[in-house]
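**Q** take a look and give me a structure for this.
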Amino acid sequence: MLGKAIGIDFGTSSIKFYKNGEGVILHEKSVIAVYNKNHTFAVGNEAFEMYEKAPVNIEVSYPVKNGVIADIGNMQAMIDYFFQQMDGKRKLKGADYYIAVPTDITEVEKRAYFELISNTNLKPKKIFVVEKPIADALGMSLDITKSTGTLVVDIGANTTEISVLSLGGIVLSRLIPVGGNKFDEVIINKIKKDKNFVIGEKTAELIKKTIGSAYVTDETIDICGRNLVTGLPSEITITGKDVYDALIELFQNIVDSVKIILERTPPEISSDIYKSGVYITGGSSRIKDLGRFVYDQLGLKVNLCEEPESTVIMGLGAIIEDPSLAKLTL
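**A** Numbering: from 1, shown residues only. Got it, this is the predicted structure:
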C-alpha cells in the first residue's frame, strides 16, 4: 500500500498501534492517570502501575468500558499523548487510519472513535472503520471473503463478542458483558464472601492467570490482602476450587450465548461451522482448559490462538498491507 497507514485497536484493557511496513509499534495498557482533574500525569503501562495505589488527587482510570469510549476527554488526552510520543520518530501526520470497533454498538458510539482521530493534530488523510470480528478472523489468518461460514468468539477484558462470518461480512453477532474484568470481579467477591478477606483487582487478575481454570484443579496460591475481621494486612491460601466456583457461571454464560447464536445460524453455514469448529480469541481466552470446556459443552472442534490478545491488531495489519482486503472496511 502506498503512503502511510496506521491501524489502532482501542481495547478495553490495552491499546495497540500498527504501522504499514513496520508491524505493531505500540502495545500499552489503556490507562490514564490524571492529576488534579485536568493534567495528564501518566498514560499506558506507567499509569497502570499506579492503579489502585494513587493518592486522591491522581485519578487512574480506563477510558474504554464495555467496548465503547466511556470517557472521551481522558481518551483524547491518552491518544494525543501516544501520538506525540511517536510522531517525532515515525512521522504519523497525513496517514490513513484504520480503527477496529465492536459490531453491536450504536452509530453514535462508533462515531466517537472516528472523531477521536479526527480531533488530533495529525491531520489524518482518511479514516476507515473495521468491525472487530472481521479483524479477529483476518488476524487468525482465516479467509473470510469466501462463502464458507466461520464462528469467532472474542473474549476480551469487558465483553465477549460472538460472531458468524461469511463472504467478508457479519451474518450474526452478539455482544455480552462478560470478560476478564468480570472474572476478576467475581473472584474478589467470592473471596470476600467466603473468607472475609479483601483483595484488589491486580491480585484477582494474578489469581485468575495463575490458577484460574474451567475445571477444578488442586493448585493453590498464597495472596496478601486485608482481613475483614481484624482489619489488618494478612495472607491466605486460595485453592483452584475457590476460583472455579467463582468463574464457572460466567464460562457457562459464554457457552449459552454461543448456543443462542448457533440456533439462529442458517443451516448451510452451520455445516461449515461443524467442519471447521469455533475460533476462540481475546486475551481472556488464555484461561486454562477453557477450550476443553467449550468443546465438552458444544461438541465442536475448538481452535485457539497463540497470541489471542493480538488478533485484532494483526487483522488490521492484514488489511493495511493487502489492498485487496480494503473492501472489508466500512
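
**Q** what's across from the spatially closest residue to Ile199 that is not a sequence neighbour in the sheet?
**A** Nearest residue to Ile199, sequence neighbours excluded (Cβ to Cβ, 6 or more residues apart in numbering): Gly225, at 4.0 Å. For the C-beta atoms, the positions are set from N, CA and C on the backbone; glycine is no exception. According to DSSP bridges, the partner residues bridging Gly225 are Ser234.

**Q** which stretches of the stretch 101-250 of the chain form helices?
**A** Counting by DSSP state H, counting those that start in this stretch, the stretch 101-250 of the chain has these helices, from start to end: 107-118, 132-139, 180-195, 201-211, 240-264.

**Q** in the stretch 51-200 of the chain, where is pLDDT below threshold?
**A** Scanning the stretch 51-200 of the chain for pLDDT under 70 picks out 87-90.

**Q** let's see that with 90 instead.
**A** 66-68, 83-94, 104-106, 119-123 (pLDDT under 90).

**Q** that older thread, give me the number of residues near the residue nearest to Ile199?
**A** 19 (other Cβ atoms under 10 Å).

**Q** same check, this time on Lys110
**A** Neighbour number of Lys110 under other Cβ under 10 Å is 17.

**Q** ok, now which ones touch it?
**A** By Cβ atoms under 8 Å, 6 or more residues apart in numbering, the contact set of Lys110 is 101, 129.

**Q** how close does it sit to Leu330?
**A** Using Cβ to Cβ, to the nearest Å, Lys110 is found at 8 Å from Leu330.

**Q** quick check: the residue nearest to Ile199 touching Val198?
**A** Yes: at 5.4 Å, Gly225 counts as touching Val198 under the criterion of Cβ atoms under 8 Å.

**Q** anything in contact with each of the two?
**A** Ile191.

**Q** who touches stretch 207-216?
**A** Contacts of stretch 207-216 (Cβ under 8 Å, 6+ apart): 180, 183-184, 187, 199, 217, 219-221, 223, 238-241, 243-244, 247-248, 251, 286-290, 292-293.

**Q** give me the buried positions along that stretch.
**A** When neighbours are counted by 16 or more other Cβ atoms under 10 Å, the buried residues of stretch 207-216 are found to be 207-208, 211-214.
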